[in-house]
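> One predicted model, sequence on top.
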Amino acid sequence: MYSSTFRWIFALLVACWIGIIPTFSQGNPQRACPAGILEANIYQISSPHALLCQVRLNLLMGRARHLATMFDYDGGIALVDEGLNIAPQSAALYTLRGELTLLLYEWNHALDDFDKALELAPDYSPAYFQRGVLLYTMADREAALHDFETYLDLNADGPYHEFAAQYIAQIETELDTLNQ
């Protein structure tokens, strides 16, 4: 029913997930994943080390998101921190940690994470969207507007494009009302 390639990949994923296969951080904590590993296209990754990093980090992020759906934000943040020990230059991990921290109402820490993500990858559009949501929540309308517009400039067809457009319209209406 399934091809042998699919079975091999599935077995590799499960082995990495449960820790049977020693990977990058086990046994050699100095060997971190290549910078930008989560932002890379998985089909362009050629080294086995980079592939294992990608798989492990994707699993950590998936588990962190799952814990967030169970309202275990601290557990999700702990998994993201584990991922940051493996890939400290990942804008995706900082953005995810900012999202989870935002759910704990720790706005300054969330803002620091979004800023760090954008420092590492100035064109990483999800960080602009998430920071825009935070800035809107913090009532910094002009900065939020700028982040939502930047998100749309970088990723006009991205997963948050409809929400960004709605935020932009709402903020422009609010700013027009305030300026009258």
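Cool, the structure landed. Numbering: from 1, shown residues only.
> Using the three-state scheme, assign residue 159.
Secondary structure state of residue 159, per DSSP: H, G, I helix; E, B strand; the rest coil, is coil.
> so what's it up against?
By Cβ atoms under 8 Å, 6 or more residues apart in numbering, the contact set of residue 159 is empty. For glycine as for every other residue, the C-beta is placed from the backbone atoms N, C-alpha and C.
> Check residue 149 too.
residue 168.
> secondary structure element for it?
Element membership for residue 149, per DSSP states H and E: helix 141-154.
> now that helix, how far from the centre of its chain.
Distance of helix 141-154 from its chain centroid, counting by Cα atoms, centre = their mean, to the nearest Å, is 18 Å.
> Then stretch 76-91?
With Cα atoms, centre = their mean, you get 10 Å for stretch 76-91.
> still on that earlier bit, and the helix or strand following the helix holding residue 149, what does it pack onto?
Toward the C-terminal end, the helix or strand that comes next after helix 141-154 (DSSP H and E) is helix 161-178. Helices and strands touching helix 161-178, by 3 or more Cβ pairs under 8 Å, 6 or more residues apart in numbering; DSSP states H and E, are helix 125-137, helix 141-154.
> got the angle for helix 161-178 vs helix 141-154?
150 degrees (axes from the mean of the first three to the mean of the last three Cα atoms, to 10 degrees).
> what comes up buried for helix 161-178?
161, 164, 167-168, 171 (16 or more other Cβ atoms under 10 Å).
> Throw those residues into TSV and include distance to residue 112, thanks.
Below are the buried residues of helix 161-178 laid out as TSV (distance: Cβ to Cβ, whole Å):
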residue	distance to residue 112
161	26
164	22
167	22
168	25
171	23
